[in-house]
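Undergrad: next come a sequence and a model predicted from it.
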Amino acid sequence: MSAHIRPPSQADSTESADFCLTPEEIKKGRLAYEACLESIKPGDPRRFTGEALDVLAAVISGGVCEGRYFPWQQVRGYHVALTLSIVKEVGAPSKIEALLCRNDDTRKFQQVADRYTVKQTNRMTSSLKRVIEECRNLGFLDDDEFELAQPRGKDDGKPKAAPERTIVEGEVRALIAASAMDTSCGGPRDALMLGLAFSGGLRTIDLVNLNLDDLHFDKKTGQVTVKFKAPGAKRARRIPLRNDQLIALEDWLAARGRKPGALFCPIARQEVTAVKRMSAAEMRQLCDRRGEEAGVLPFIPNDLARSGLLAGEGSKRRARASAGEGALVTVSPLYGDRDEGEREDEQIAARIHFPYRARPGL
């Protein structure tokens, strides 16, 4: 379920958020939603399409939005792929029903099946494609954006992307979420490697050469860092691990063990057979597999490090440019007059990371 998947970034900024629920963007999404329903034959087909879009919007937004108030024009292929994989999970219908009820006081919880039928998931797929097509028809997506919004898969027939493409943070979240959905010991290993590559700017050679003793626990701060010394650098730097990376590290070490040696090891037959270093080819295969699962366009492993460094530099520039200025938060028209506590929730909901990170207390 999307509410249980942790993205790599805990930042809550308009720049890093996948979806921005400003009034203008919600209006565009509503127009696309209405145009999509109007293109469907009245009666059950139109009702089923509306319900399918409500489910998809609930998955992506963690129940913050229903289909009518979701900015469909902001959806990209990796969102599509991960959303469709989430709804196919066993137990997804009841979890999604709980999300729908949590944000709609008038809705009563309905008893649902353990999983969606093939017909229902196919309807969700076709409804999603149709509403994205309406976004293009209404001029909210140009041809390039429309192409990026298409789901990626094994049979899409697209050529491999050229080396050195920039990977956006939303794609990294999708890659890590796809890894987190893998229940084998390879899931936490891949999530940690992909997260460190982006947040720490570590290339393939840097990752495969990390050792277990490069991990450092600070008893005073309770923080875990990875010590890394770039070739030619005078000093090593320490890369702090975020909460989601700590969880992945704990799960990975439970499978790897605590023997000295390479931090990241190859996996054979769903288990670690020996503590030895991974090869660059294995790292490339890892990226190809997780990229395919997450619906992310092809990339090479070092794209993660380069893109992460570029994102970090961009964040610093924005911070310097906005120093001393108040942050402006625009709230969706979906909400009326509320008290101060509810307004705070509205501000959080005005920017959504996908996979959705549940707010404390939910």
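TA: That came through, no problem.
Undergrad: strands of the chain, start to end?
TA: 19-20, 215-217, 224-228, 237-240, 351-352 (DSSP state E).
Undergrad: mean pLDDT for these: which is lowest?
TA: Note on these: strand 351-352 shows the lowest mean pLDDT, a mean of 81.
Undergrad: give me the sheet partners of that one and which way each runs.
TA: The strands that strand 351-352 pairs with in its sheet are strand 19-20 (antiparallel) (by DSSP bridges).
Undergrad: run the chain-centre distance for the partner strand.
TA: 13 Å (CA atoms, centre = their mean, to the nearest Å).
Undergrad: which residues touch it?
TA: Strand 19-20 is contacted by residues 14, 60-61, 70-71, 74, 350-352, 354 when judged by CB atoms under 8 Å, 6 or more residues apart in numbering. (Each C-beta comes from the backbone N, C-alpha and C, glycine too.)
Undergrad: and what of stretch 113-126?
TA: For stretch 113-126, contacts defined as CB under 8 Å, 6+ apart pick out 48-49, 52, 55-56, 84, 87-94, 151.
Undergrad: which members of these are classed as buried?
TA: Buried subset of those (neighbour count, 16 or more other CB atoms under 10 Å): 48-49, 52, 55-56, 84, 87, 92-94, 151.
Undergrad: including pLDDT and distance to residue 195, could those residues go into a markdown table?
TA: Putting these into a markdown table (pLDDT from 0 to 100; distance: CB to CB, whole Å) gives the following:
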| residue | pLDDT | distance to residue 195 |
| --- | --- | --- |
| 48 | 94 | 38 |
| 49 | 95 | 37 |
| 52 | 94 | 32 |
| 55 | 93 | 29 |
| 56 | 94 | 26 |
| 84 | 88 | 23 |
| 87 | 90 | 25 |
| 92 | 89 | 25 |
| 93 | 91 | 30 |
| 94 | 90 | 30 |
| 151 | 71 | 24 |
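Undergrad: how close does residue 287 sit to residue 171?
TA: 11 Å (CB to CB, to the nearest Å).
Undergrad: scratch that, residue 109 is what I was asking about
TA: 35 Å.
Undergrad: what ranges of the protein fall below the confidence cut-off?
TA: Applying pLDDT under 70 to the chain flags the ranges 1-16, 152-163, 231-232, 314-349, 356-362.
Undergrad: now do the helices in it.
TA: Along the chain, counting by DSSP state H, helices occupy 23-38, 44-61, 77-87, 92-102, 118-137, 143-148, 169-180, 186-199, 204-208, 243-256, 280-294, 301-321, 340-349.
Undergrad: related to what we said a few turns ago, which one of residue 109 and residue 171 has more residues nearby?
TA: Set side by side, residue 109 and residue 171 show more neighbours around residue 171, with 25 against 11, by other CB atoms under 10 Å.
Undergrad: re the thing from before, out of the helices of the chain, which comes closest to residue 272?
TA: helix 243-256 (5.2 Å; CB to CB).
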